[in-house]
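Enquirer: I would like to see how this sequence folds:
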Amino acid sequence: MLIVGGKKINSAAKVACVLKNYYDNTYAARAYSQWHVEQDSRLTASDLFVSCAISGRPNPFDDAYLELFVRGKAKRIEQALRRIPMGLSLADAPLRGPLGDDLEKLFDATVGNGIRMPIATKMLHKKRPRLIPILDALVVKHYWKKEYRGFYPVTHRRKRANATLGLLDLIQADLRGHGDMLCAGASRFVRTSNCGAAVARALTPARVLDIMVWAGQANPRLFLAGV
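Expert: Model (predicted):
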């Protein structure tokens, strides 16, 4: 059973309710979903801009742009992205082995200096929307509970990219356990709302789960109303 913000999310109707509350009350998130980004291995300033626009940090674009396009980090990220298959779903992905190694290299190439994990994954999610969830600080907080940290302890000796792979393991388990419900809830939301085709396309299982978790951490009274 999926529990977020102290509420049980155990039906497609509840998933659809949270999605409606989320999109009705977060204009930036709707804009992010509607912004078209090519699912290729090339980074542009536009890809970065839409990620920074909903980051919640004051004006992160300048520092991130400097890292990506002035200091040349974009080339390393593009090389790493080319090794990650397009269309691959996190629920089905073998996170141990070559793909896990490639994901570690991708996160290691992306995060650091002017680019923090939330901005990095907002950018990478657009490139691989079924595989890479948005690891906002609130999502990390939900999964990095005491009972989980023993499996993937975050210490100064553990690479950030390796710890991120541990988070993906936990998110993958939820996708495998609740994927059908999340997909049914997204379909119900699309049918009963005026969300538009772009938002409908953006609602991959990884993104829907991310929204559920974020909503329960950010403001359960607002986003879980009616659940």
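Enquirer: centroid-nearest residue for the chain?
Expert: Compute the mean C-alpha point of the chain, and by Cα atoms, centre = their mean the closest residue is residue 134, 1.7 Å away.
Enquirer: what about the longest helix seen in the chain, distance to the chain center?
Expert: Scanning the chain for the helix with the most residues, using DSSP state H, yields helix 160-192. Remark: helix 160-192 is offset 10 Å from the chain centroid, using Cα atoms, centre = their mean, to the nearest Å.
Enquirer: check which helices and strands it sits against.
Expert: strand 2-4, helix 12-25, helix 98-110, helix 137-143, helix 197-202, helix 205-218 (3 or more Cβ pairs under 8 Å, 6 or more residues apart in numbering; DSSP states H and E). Placement of C-beta: from N, CA and C, glycine included.
Enquirer: averaged pLDDT, it. What do you get?
Expert: In this model, helix 160-192 carries a mean pLDDT of 91.
Enquirer: quick one, that helix and helix 98-110 angle?
Expert: Here the directions of helix 160-192 and helix 98-110 differ by 100 degrees (axes from the mean of the first three to the mean of the last three Cα atoms, to 10 degrees).
Enquirer: find the nearest non-adjacent residue to residue 55, please.
Expert: Using Cβ to Cβ, 6 or more residues apart in numbering and skipping residues adjacent in sequence, the residue nearest residue 55 is residue 119, 5.2 Å away.
Enquirer: that neighbour: what secondary structure?
Expert: helix (DSSP: H, G, I helix; E, B strand; the rest coil).
Enquirer: now the helices and strands packed on helix 160-192 in JSON lines, with mean neighbour count?
Expert: Listed next are the helices and strands packed on helix 160-192 as JSON lines, based on neighbours: other Cβ atoms under 10 Å:
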{"stretch": "strand 2-4", "mean neighbour count": "17"}
{"stretch": "helix 12-25", "mean neighbour count": "20"}
{"stretch": "helix 98-110", "mean neighbour count": "19"}
{"stretch": "helix 137-143", "mean neighbour count": "18"}
{"stretch": "helix 197-202", "mean neighbour count": "15"}
{"stretch": "helix 205-218", "mean neighbour count": "23"}
